[in-house]
Every structure is written in C-alpha cells, then in structure tokens.
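Peer 1: Model the following, please.
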Amino acid sequence: RPAKLAEFLGDSITEGVLVLNTGPRETWTREGWPQFSDGRRSWAYQSALLAGVEPRTVGFGRLGLSINANGGVPPAIHSFPFVYSGAPIDKTRLPDAVVVNMGTNDGQRVSGEVFGPLYRAYLETIRKAYPLAQILCLRPFNGAHATVIEGVVRELRDSKIRYVDTTGWVDPEKHTTDKVHLNLEGNRLAAERVAAILKTVL
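Peer 2: Numbering: from 1, shown residues only. Have a look, this model is predicted:
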C-alpha cells in the first residue's frame, strides 16, 4: 500500500463518466452511460498511480457548490464529510494531498459573487478536516469561475493551498467526448500534469 494518500474531490469528470464513450451523441442514453464510464481511467485515479500515491476518488455527477448532484447528493460542502448519507468519512487515514476539481456544474448557473464565498467556505471545510494536507485547486477544465477560484486561493494565504492553472491542458474538440467529459486521451494528459504536481508537493 502506498505510503501517501491523495483524495480527489469533484464531479462526473473526476469519477470518469463517459471516458470510454464513442459514436454519435444521439446514440447515448442515460441507461447506457455506465458502460461508457470507468473511474479507474479517470485523470484522478491515473494521476495517483503515476505519482505513486493511493487514490481516494470522490465524484458525483452534476455536483457543484450551488447545485445538488444526481441521486439526491447535496451540494459539495454538505456532502463532503460523508461517504453516503449517515456514514461519515474515515478519519483514521487522512490524505496527504487533496485535489479539488469543482465549479464546472456551477458554470453559468451562478455569478462569481455567489460562487466565490461558496468556494472559500468549501476550502475552509476541507482544511478543517485535513489540517496538514496539501490542497490543489484546479481550474475546471472548461475554465468555469477560474479567476474567482484563483482569487479565493490567493485571499486565503495558506501556503499549502495552491491554484493550478489547467489552461491549455486539454482541447475540448480533441480530448473530450462531449465538449465537457474527458476522453481517454484527455484523461491521460490531465493525469500526467496532476501527477507531476503531486510528486512535487509530496
């Protein structure tokens, strides 16, 4: 078992939804989504393997800071402390690093003025739970609320919280299955970048 643990917090992109999807979009049905999805092929899981750390991936489709996820999962700040309803996270092994990929589903849904305080409260909640962890705040791959996220990180003045600019990492036309969810190549490219940063901070 790897000595270090990295926890990844995100949405469907983090959990590997549609990573294997091919063919025209009109052939996709919600019932068929599981066969196109694989958490082990996601950027999160793969970056942990490349960095030689144990992955703990938390991702819910549609999740945001201002929006519920599918399956009745509440917004991220409220779902963070639980494995599932009524089951708190295991605190016997705390992560050495936390990688946050949040904001895609908030997108145009809320303004930066609304998203900023939510993102700050989310980071503060993570920091309280994991006081010693390195926290990497990714710019969502589609750029949603990027400047707000960067600003919040700067305002917190925590030397172990850093903003990771993902600009140019993936091309929506080449590296996604639907302009949002990363395909295998997109996940590979993102995994390599995140792994390099994990190796540096750990």
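Peer 1: And the pLDDT for P24?
Peer 2: Here, the pLDDT recorded for P24 equals 62.
Peer 1: For E185, which non-adjacent residue is closest in space?
Peer 2: Nearest non-adjacent residue to E185, counting by C-beta to C-beta, 6 or more residues apart in numbering: H175, 5.4 Å away. All C-beta spots, glycine's among them, are computed from the backbone N, C-alpha and C.
Peer 1: meant to ask about D158
Peer 2: Residue nearest to D158 in three dimensions, not counting chain neighbours: R127, with 6.8 Å by C-beta to C-beta, 6+ apart.
Peer 1: Which residue ranges of the protein form strands?
Peer 2: Assigned by DSSP state E, the strands in the chain fall at 5-10, 54-59, 82-84, 87-88, 97-100, 134-138, 161-164.
Peer 1: L202 contacts V53, correct?
Peer 2: Yes. Contact criterion C-beta atoms under 8 Å: L202 and V53 qualify, at 6.7 Å.
Peer 1: Residues contacting the helix or strand bottoming out on mean pLDDT in the chain, please?
Peer 2: Ranked by mean pLDDT, DSSP states H and E, the weakest helix or strand in the chain is strand 82-84, scoring a mean of 82. Strand 82-84 has contacts (C-beta atoms under 8 Å, 6 or more residues apart in numbering) with P88, I89, D90.
Peer 1: The nearest residue to the last one once chain neighbours are set aside: neighbour count?
Peer 2: Okay, so that is D90. When the adjacent residues along the chain are set aside, D90 lies closest to V83, with 7.6 Å between them (C-beta to C-beta, 6+ apart). Residues within reach of V83, counting by other C-beta atoms under 10 Å, total 11.
Peer 1: any idea how far K91 is from V83?
Peer 2: V83 is 11 Å from K91, where distance means C-beta to C-beta, to the nearest Å.
Peer 1: isn't the residue nearest to D158 right up against R157?
Peer 2: No. Taking contacts as C-beta under 8 Å, R127 lies outside contact range of R157: 11.9 Å.
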